[in-house]
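**Student:** Here is a sequence with its predicted model. Questions after.
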Amino acid sequence: MSTSAAEHLPPAYPDRAPWGTAGRLRAWQAAALEDYLTRDPRDYLAVATPGAGKTTFALRIAAELLARKAIHQLTIVAPTEHLKRQWAEAADKVGITVDPMFTGRKARTSRDYTGVAVTYAGVAAHPMLHRARCENRRTLVILDEVHHAGDSLSWGEAAREAFEPAARRLALTGTPFRSDINPIPFVTYAPDDRGVPRSVADHSYGYAEALEDGVVRPVLFLAYSGEMRWRTRAGDEVAARLGEPLTKDITAQAWRTALDPHGDWIPSVLQAADTRLTEVRRHVPDAGGLVIATDQESARAYAALLKRVCGEPPTVVLSDEPKASKKIAAFSEGDDRWMVAVRMVSEGVDVPRLAVGVYATATQTPLFFAQAVGRFVRVRKRGETASIFLPTVPSLLSYAGEMETSRDHVLGKPPGADDDPLAAEEALIAAAQHEETGTDELGPFEALGSEASFDRVLYDGGEFGTQAQAGSAEEADYLGIPGLLEPDQVAALLRRRQAEQQAARAAATSEDGSAEEDQPRDPAVYEQISLLRRELNGLVGAWHHRTGKPHGVIHTELRKACGGPPAALATAAEIQERIDTIRTWALARG
């Protein structure tokens, strides 16, 4: 079989490529392909950020192996039914015929097909069927989003049983691995410097590298806080401000109140997101938006709100609908403004024109967050940006601030806090991966009211903006950022708008008279933390320009040097220590 068709597949499927890359493999794909063909391994793990082009890379490998007769057929394992069809369509473009309708009950496929596409659940249901296929003919198994093989012990055992005889196995993932006790089949583990087994990738390509190469879009996270009121199952009325230091249960209840479609928070955020989408569509006319909802009832309510906001009915995609995949495909190929989905649009689902997102779900695992963000980073042309609206919840802000940090899969219990200053945070993340803030966990609950206020913008490891009411001119300054800008231009514009707003507020304060100046007060804790964060972000920005390191990497280095949680969760004393540390670095460098 010739590989010419695979050679002409765009760097990222379907039919798109970032500026300057059409007609050839991206640098990471070419390097990984050369590495694979040189080493000729039986097992290979490629970790690449969403939107980098893992599908194209894997199909190029398949085409090469088929042409060399190293394999005679392939099996593609994907997380969902929709992704099975997406893989089959991509394979067809390079002359590899794949049957996405193959099932354990059917157990047979036409000789017209070179391979089959199945789900991890399907493999778990019929492992011996797939084992027999591998034993009968030399097979390449492509394990897409391979971390799903660790979702449960039964899935992992089934995958190992089914594909142990395979001639070749190519594992792919685009989201951070987790810390748990379920080993992922066919992944190599090696002890780190603390003796903890960690997954070892054969080739890695992270978000920071992809952003620098122009392969993915930069992401603006627009966080919204606000006052929430609700009634507990005991009949008590509670009020709290989303984003302030709260207990886990209170945070979860405030978060649920914010997402209630009958309050004012979610309508205000949807209005802001639609305003942002309008701005983006001035430069990218077919740009689309996606609202990720917790459940079907909320999804339908959000769709009704969006119709009132923009005058157009959005596409609603529910996971149990038989036509869900067709709806996604139609939205991807059209130019409608909005789609509302319940978990259906997750990892691997390809809608390249998505540019604005609303994280309106109570799911807070790092894996799901990374998968959700991955739907918006796929580049079609140079200068595109992504904007994601989310509630000011500490865990979400932490994930957003660590976009440039990748995680390996860790087996076993990590060392205690005395051994590693980051162990406590790692343990919390590991625990969070096994839980979601569900509506059933918190018992009877009644949302009474909510208000939205613009909190901040998170971008490239930094924070920008001054707290403002939804619908204010200060909020509009950030919603009106042009839809086509280079990453450095985005950062410069954010800094300038923040400086202008701070100057305007300072001038307004001075015009109020000198009475308050005669009686100075100590700033409140939240004001101290806000000022320190901005000072730290300014120093990190200066260090970035001096060293070339991404903002997120610098923040991570400061955490390693000083200890403590991410900046979004740090105390005033912890932030001050990081400020002093980075100043020490600057003095030492001269």
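**Tutor:** In hand now; what should we look at? Residues are numbered from 1 along each chain as shown.

**Student:** Run me through the strand neighbours of the longest strand seen in the chain, direction for each.
**Tutor:** Determined from DSSP state E, the single longest strand within the chain is strand 219-231. According to DSSP bridges, strand 219-231 has the following sheet partners: strand 237-242 (antiparallel), strand 386-391 (parallel), strand 446-450 (antiparallel), strand 453-459 (antiparallel).

**Student:** of those, which approaches residue 210 most closely?
**Tutor:** Closest to residue 210 of those, according to CB to CB: strand 386-391, at 12.8 Å. For every residue, glycine as well, the C-beta is placed using N, CA and C.

**Student:** now the helix or strand just after the closest one, how far from the chain's geometric center?
**Tutor:** As assigned by DSSP states H and E, the chain's next helix or strand after strand 386-391 is helix 394-401. The chain centroid and the centroid of helix 394-401 are separated by 11 Å under CA atoms, centre = their mean, to the nearest Å.

**Student:** Please work out the average pLDDT along helix 394-401.
**Tutor:** The predicted model assigns helix 394-401 a mean pLDDT of 86.

**Student:** pLDDT below threshold where in the stretch 1-150 of the chain?
**Tutor:** Counting by pLDDT under 70, the stretch 1-150 of the chain shows low-confidence ranges at 1-23.

**Student:** Around residue 445, how many other residues sit close by?
**Tutor:** Using other CB atoms under 10 Å, residue 445 has 15 neighbouring residues.

**Student:** next one: the one 3 residues further on
**Tutor:** For residue 448, the neighbour count with other CB under 10 Å is 15.

**Student:** For residue 28, which of the strands paired with strand 219-231 is the nearest?
**Tutor:** Nearest to residue 28, of the strands paired with strand 219-231 and by CB to CB, is strand 386-391 at 20.1 Å.

**Student:** follow-up on the earlier one: quick one: the strands paired with strand 219-231 as TSV, columns for mean pLDDT too.
**Tutor:** Formatted as TSV, the strands paired with strand 219-231 follow (pLDDT from 0 to 100):
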stretch	mean pLDDT
strand 237-242	90
strand 386-391	96
strand 446-450	90
strand 453-459	91
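
**Student:** and of those strands, who's closest to residue 93?
**Tutor:** Here strand 386-391 is closest among the strands paired with strand 219-231 (CB to CB), at 25.6 Å.

**Student:** Any chance you could list what contacts the closest one?
**Tutor:** If you take CB atoms under 8 Å, 6 or more residues apart in numbering as the criterion, strand 386-391 is touched by 217-225, 242-243, 255, 258-259, 265, 269, 272-273, 276, 280, 354-359, 373, 376-377, 396, 400.

**Student:** mind running it again at 6 Å?
**Tutor:** 217, 219-223, 242, 255, 258, 269, 273, 276, 355-359, 376-377, 396 (CB atoms under 6 Å, 6 or more residues apart in numbering).

**Student:** returning to that earlier point: save the strands paired with strand 219-231 as a markdown table, and put in distance to residue 121 too.
**Tutor:** As requested, the strands paired with strand 219-231 are exported to a markdown table (distance: least, CB to CB, whole Å):
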| stretch | distance to residue 121 |
| --- | --- |
| strand 237-242 | 36 |
| strand 386-391 | 29 |
| strand 446-450 | 35 |
| strand 453-459 | 35 |
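
**Student:** wait, which of those strands is closest to residue 287?
**Tutor:** Taking those one by one with CB to CB, strand 386-391 is closest: 9.7 Å.

**Student:** Buried residues, the closest one. List them.
**Tutor:** Using 16 or more other CB atoms under 10 Å as the test for burial, strand 386-391 gives 386-391.

**Student:** what angle sits between that strand and helix 394-401?
**Tutor:** Angle, strand 386-391 to helix 394-401, by axes from the mean of the first three to the mean of the last three CA atoms, to 10 degrees: 160 degrees.
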